[in-house]
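Chemist: Quick one: sequence and predicted model below, then my questions.
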Amino acid sequence: YLGFKNNQFFDKYAFVVDKVGIDKDYKRLVTSGFLHVNILHLVLNMLTLIIFSEPLEAVFGPACFLSIYFGSLLGGNLAAWYMHRNHGNYSAVGASGAISGVVFASIVLFPQMGIGLLGMPLYLPSWLFGLLYVLFTIFGIKSQSDNIGHEAHLGGGLIGLVLAIAFEPDIIYINYLPILFILTPTLFFIYLILRKPEILMIDNKKARAEKFLSIEDKYNHNKKRKQEELDRLLDKINKKGIDSLSEKEKNRLDELSQ
């Protein structure tokens with residue numbers, strides 16, 4: 001709620017690559033999971049959490065469930081940090097990594113559970129949904145053609161799956177085929193990233209031509225614009241003194257300096 005109302009609060013707790021990697025502000029790996037861009041973003045995540053959390057908690061209990069949730073949140077943000085480690089201003093918010101972990105842990109436990117698609121009377125077995133989602137996520141990471149944090153989804157989903165197996169090892173024997181179907185493309189893609197990181201290089205000409213800005217791009221663009229405006233006002237003060245500013249410029253300086 002504070003993140004919706006207070007930009008300074010939002011900036012302080014959002015996941016930003018350089019803030020984590022250079023400033024060592026590790027709390028952002030967790031706090032960013034409690035921030036959302038807008039109400040719709042929050043509602044979609046929470047609806048998914050409600051749907052998948054009850055059966056998962058019934059099997060594992062609250063302690064293991066929370067371990068899956070927060071472990072997946074951390075895993076998702078760490079995956080995003082690694083893949084964007086050279087993009088210092090890359091930022092993200094939302095519980096999507098944690099939610100993906102909950103979803104994939106549920107898929108491992110209940111691979112035949114039916115998952116509906118966009119309210120249509122069409123249901124896929126959860127293992128097939130998981131496989132298609134992994135492929136969609138890999139495509140999203142490679143193309144970067146939308147404003148979805150696919151890296152956090154893949155990282156969080158993988159951690160959720162692994163933790164579910166760790167808490168209930170017998171399921172690897174019972175549901176080994178669905179687990180294999182989901183892990184094979186995921187681990188192969190991770191292998192490619194580690195051995196050939198250049199596959200993540202993106203030159204999205206179509207997106208640039210359409211002046212497409214993701215949520216993170218808009219956020220970083222606004223930060224850059226504000227910094228440039230602040231630098232201009234400070235430069236004017238340095239050259240002509242504080243009295244050279246108009247009343248409007250002084251008020252704006254106070255806003256930007258907070």
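Modeler: Sure thing, it's come through.
Chemist: Now do the strands in this structure.
Modeler: Listed in chain order, the strands of the chain (DSSP state E) span 15-16, 91-92, 114-117, 120-125.
Chemist: Can you tell me what sits against the first one?
Modeler: Applying CB atoms under 8 Å, 6 or more residues apart in numbering, the set of residues contacting strand 15-16 from outside is 28, 29, 32, 77, 80, 81, 89, 90, 91, 92, 93. The way it works is simple: take the backbone N, C-alpha and C, and place the C-beta from them, glycine included.
Chemist: picking that back up, for residue 41, find the nearest of the strands of the chain.
Modeler: Checking these against residue 41 by CB to CB gives strand 91-92 as the closest, at 11.3 Å.
Chemist: Pairing partners for that closest one, with directions?
Modeler: strand 15-16 (antiparallel) (DSSP bridges).
Chemist: Mind listing residues that contact stretch 61-76?
Modeler: 29-30, 33, 53, 56-57, 60, 95-102, 105, 149, 151-160, 163-164, 167.
Chemist: Buried among those? Need that as a selection in ChimeraX.
Modeler: Those of the contacts of stretch 61-76 that count as buried under 16 or more other CB atoms under 10 Å are selected in ChimeraX with:
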select :29,33,53,56,57,60,95,96,97,98,99,100,101,102,105,149,151,152,153,154,155,156,157,158,159,160,163,164,167
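Chemist: Narrow the contacts of stretch 61-76 to those in helices?
Modeler: When the contacts of stretch 61-76 are checked against helices (DSSP state H), the matches are 29-30, 53, 56-57, 60, 96-102, 105, 151-160, 163-164, 167.
Chemist: what's the distance between residue 38 and residue 22?
Modeler: 29 Å (CB to CB, to the nearest Å).
Chemist: do the same with residue 242
Modeler: From residue 242 to residue 22 the distance is 32 Å (CB to CB).
Chemist: swap in residue 227?
Modeler: 17 Å.
Chemist: what sits against residue 245?
Modeler: So residue 245 contacts 233, 236, 237, 253 (CB under 8 Å, 6+ apart).
Chemist: residues near the nearest residue to the first one once chain neighbours are set aside, how many?
Modeler: This means residue 233. Take residue 233 and drop its neighbours on the chain: the residue closest to it by CB to CB, 6 or more residues apart in numbering is residue 253, 5.0 Å away. Residues lying near residue 253 (other CB atoms under 10 Å) number 18.
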